[in-house]
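J.: compute the structure for the input listed below.
(2 chains)
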Amino acid sequence: TQLLEQSPQFLSIQEGENLTVYCNSSSVFSSLQWYRQEPGEGPVLLVTVVTGGEVKKLKRLTFQFGDARKDSSLHITAAQPGDTGLYLCAGDIAGNMLTFGGGTRLMVKP
Amino acid sequence: DAGITQSPRHKVTETGTPVTLRCHQTENHRYMYWYRQDPGHGLRLIHYSYGVKDTDKGEVSDGYSVSRSKTEDFLLTLESATSSQTSVYFCAIRSGFNTEAFFGQGTRLTVV
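T.: Below you'll find the model as predicted:
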């Protein structure tokens, strides 16, 4: 069982739809990060959330850190085919042991 | 792009043989990580390093060892490769706690 549980694992939607991806844990994290990975590449950081209740926006992407700092969500408004990819949440535990969730594979159809 | 390279990029090896993967950085970052990525499992941490000669186990360390004799190099060794170690291996670096992790391009390892 992974420390960070992501849901859903897979998501296939039409262009223009909204979606939310969740990242949950029973542990408290000092921060959570979201990464996006394209085929054949390493993950690339989208955002880091540090404060409980924090909301950050990156164009059509909205990231939220739970008040108790145990969970986070990623909401995409009006998804586009360019949003297709693997979305991963990650957090620091026991110092600098950066651990990842299982990932959400998103496909946005034109 | 962060200066991080993995070698080799692809490798096919036989069961029971030793294999060493190399991660090299030019950023002088303190922390280095080895992950494996398999379908449905995201990235799982194998080992990480917080300085020269300072390493610790991650979530899936059995069957793997690491060494870091210089800041810039972090080696991952499979002492006796098994088919269950067929995977894509990623190295990552970062400067500190809560900071961005930069990833290499990955090494696709196949154990036959």
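J.: could you check the pLDDT of the closest residue to chain A within chain B?
T.: Closest approach between chain B and chain A, counting by CB to the nearest CB: residue B:103, at 2.7 Å. Every C-beta, even on glycine, is put in place using the N, C-alpha and C of the backbone. Among the per-residue scores, residue B:103 holds a pLDDT of 97.
J.: okay but it is in contact with residue B:92, surely?
T.: Yes. A contact is recorded between residue B:103 and residue B:92 when judged using CB atoms under 8 Å, the distance being 4.8 Å.
J.: more neighbours: those two, which one.
T.: Summary of the neighbour comparison: residue B:103 and residue B:92, criterion other CB atoms under 10 Å in any protein chain shown, with residue B:92 having more neighbours (27 against 23).
J.: hmm, who's touching stretch A:64-80?
T.: Counting by CB atoms under 8 Å, 6 or more residues apart in numbering or on different chains, stretch A:64-80 makes contact with A:13, A:15-32, A:34, A:46, A:49-56, A:60-63, A:83, A:87, A:89, A:106, A:108, all of which sit outside it.
J.: do the same with stretch B:79-89
T.: Contacts of stretch B:79-89 from elsewhere in the structure, counted by CB under 8 Å, 6+ apart, are B:6, B:13-19, B:21, B:34-38, B:46, B:63, B:65, B:76, B:78, B:106-112.
J.: counting neighbours, what do you get for residue 27?
T.: Using chain A here. Under the neighbour criterion other CB under 10 Å, residue A:27 is assigned a count of 11.
J.: looking at chain B here, not the other one
T.: A total of 14 residues lie near residue B:27 under the criterion other CB under 10 Å.
J.: alright, calling it a day.
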